[in-house]
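**Q** Provided below are the primary sequence and the corresponding predicted coordinates.
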Amino acid sequence: MKTVIDIRSQSFKRYFANTSWLMGERVFRMVVALFVGVYVARYLGPERFGLLSYAMSFVGLFMALSTLGLDGIMVRELVKTPERRDELLGTVFWLKAGGAILMWIGIAAAIPFTQNDTETNILIIIIAFAVIFQAVNVIDFNYQAEVKSRYVVYAQLVSLLISSITKLIFVWIAAPLVWFACVFLLDAVVLAVGLTAIYLQNIGKVWYWKWRWQTARVLLKDSWPLILSGVVISIYMKIDQVMIKEMLGAEQVGHYAAAVRLSEAWYFVPMAITSSVFPAIINAKKQSEELYYQRLQKLYDLMVWLAVAIALPTTFLASWVIRVLYGDVFLPAAGVLSIHIWAGVFVFLGVASGKWLLTENLQVFSTINTTIGAIVNIALNYILIKNMGINGAAISTLISYFIAAYLCLSFFDKTRINFINLTKSLYLKGIFSVKANS
């Protein structure tokens with residue numbers, strides 16, 4: 001049966017408006033962050049830009065400990081039981097605050113095993129301190145569940161503009177490197193204040209939030225596979241820059257990070273789209289399995305088309321893009337960009353597929369798949385960085401994303417149907433005759 005979408009329906013208009021707000025903010029953020037980031041990178045140069053990128057990646061290795069895998073689960077629970085809003089927001093807020101402390105413990109335990117100098121460790125500490133304020137982001141989940149993301153966009157835009165202007169001022173006055181790390185802290189504080197103000201104005205009072213031990217236990221029971229998965233994802237998304245720093249030095253991290261920034265700038269696209277349509281997918285499952293899988297297939301098809309449309313021209317224009325944006329001093333980043341950009345195909349599919357795993361309560365397979373991908377990534381990085389430099393790190397990333405986001409789904413009976421659906425989206429529909437709802 002063919003699905004007909006009524007563009008005149010209130011439901012369609014609601015989700016379309018929500019997606020438009022998210023996409024508009026993300027596009028604006030990408031453009032502003034791109035040009036401001038390029039301006040900052042040109043000022044800092046490959047070595048100092050590499051140190052800042054390394055510090056961000058080092059903190060990123062432990063970021064999953066602060067989120068506790070609760071983001072998607074929080075939206076799911078708010079959609080199912082909106083009457084428990086204060087209980088859910090209060091419980092997850094304190095869980096995330098505790099997760100930030102846990103992240104700090106992990107960073108403190110890891111730093112002694114590095115070869116970092118004092119300046120690099122100061123950068124890490126400042127960036128890590130900003131994570132504490134991200135517990136307030138639970139407000140964002142409430143607006144996602146209500147399909148009212150425009151309110152969150154207001155706070156995000158103010159935060160973006162303040163941090164961007166601050167960076168430009170720092171470049172103009174030739175500020176030291178550590179000041180640029182402080183911008184991350186400023187950004188987190190401004191966003192937290194903005195979200196709180198909007199919540200107080202439009203919904204309720206944060207002091208009505210409640211902590212419930214039973215709720216915390218139930219949420220953590222569902223999220224523990226995502227915690228492990230998040231840790232593994234953080235490792236295989238950030239370990240490349242950490243390993244490049246240890247094996248090749250900060251300057252090569254700068255070249256690599258410049259390319260990765262351009263490549264990963266597009267990752268907001270699947271996140272914005274899936275965050276907006278996730279409630280619709282959950283509601284479709286309540287109606288029928290057929291409608292549910294039809295919507296998922298359309299989402300997967302869209303992800304592939306968008307990713308390829310981005311990757312194909314970037315491959316041929318990589319050298320020109322790097323030269324125009326960063327200058328000849330960053331030209332070694334061109335090879336990385338032409339390779340790394342293709343990882344986006346599997347990132348786009350992985351983000352959408354992750355929603356399926358969450359809806360089906362199969363989060364444990366996210367952990368298994370990403371663990372396999374991380375092991376492959378680390379092993380390939382160790383081999384290929386030695387032999388191919390930063391291009392080898394890009395190849396390692398591409399292969400590991402392919403394995404974790406796609407190939408591993410074929411290994412297990414419970415996830416094989418999703419592997420088939422993803423394969424259909426990769427233009428191999430004729431090979432499979434299995435129906436999605438079989």
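**A** Yep, it's here. Numbers count the residues shown, from 1 in each chain.

**Q** Where does pLDDT dip in the protein?
**A** Residue ranges of the chain with pLDDT under 70: 1-25, 144-150, 203-204, 206, 428-438.

**Q** What are the neighbouring residues in contact with Ala55?
**A** Thr120, Leu123, Ile124, Ile127, Ala181 (CB atoms under 8 Å, 6 or more residues apart in numbering). Bear in mind the C-beta positions are built from the backbone N, C-alpha and C, glycine included.

**Q** what's the closest non-adjacent residue to it?
**A** Excluding its sequence neighbours, the residue lying closest to Ala55 (CB to CB, 6 or more residues apart in numbering) is Leu123, at 3.7 Å.

**Q** could I have the helix or strand where the one you found lies exported to PDB, CA atoms only?
**A** In the assignment (DSSP states H and E), Leu123 maps to helix 118-129. Provided in PDB are the C-alpha atoms of helix 118-129 (Å, rounded to 0.1, in the frame of the first residue of the first chain):
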ATOM      1  CA  THR A 118      50.600  22.500  31.100                       C
ATOM      2  CA  GLU A 119      49.000  24.700  28.500                       C
ATOM      3  CA  THR A 120      47.300  21.700  26.800                       C
ATOM      4  CA  ASN A 121      45.900  20.500  30.200                       C
ATOM      5  CA  ILE A 122      44.600  23.900  31.000                       C
ATOM      6  CA  LEU A 123      42.700  23.900  27.600                       C
ATOM      7  CA  ILE A 124      41.200  20.500  28.500                       C
ATOM      8  CA  ILE A 125      40.100  21.600  32.000                       C
ATOM      9  CA  ILE A 126      38.400  24.800  30.700                       C
ATOM     10  CA  ILE A 127      36.500  22.900  27.900                       C
ATOM     11  CA  ALA A 128      35.500  20.100  30.300                       C
ATOM     12  CA  PHE A 129      34.100  22.600  32.800                       C
END
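
**Q** number of nearby residues for the residue nearest to Ala55?
**A** Neighbour count of Leu123, defined by other CB atoms under 10 Å: 24.

**Q** now the helix or strand that the helix holding Leu123 is followed by: how far from the chain's centre is it?
**A** Counting by DSSP H and E, the element after helix 118-129 in chain order, helix or strand, is helix 138-145. A distance of 16 Å separates the centroid of the chain from that of helix 138-145, by CA atoms, centre = their mean, to the nearest Å.

**Q** what packs against helix 138-145?
**A** The elements that helix 138-145 packs onto, with contact taken as 3 or more CB pairs under 8 Å, 6 or more residues apart in numbering; DSSP states H and E, are helix 71-80, helix 85-110, helix 150-172, helix 177-202, helix 268-287.

**Q** List the buried residues of the first one.
**A** When you say that, I think you mean helix 71-80. Asp71, Gly72, Ile73, Met74, Val75, Arg76, Glu77, Leu78, Val79 (16 or more other CB atoms under 10 Å).

**Q** do the third one as well
**A** For helix 150-172, the neighbour count (16+ other CB under 10 Å) marks 150-160, 162-164, 166-167, 170-171 as buried.
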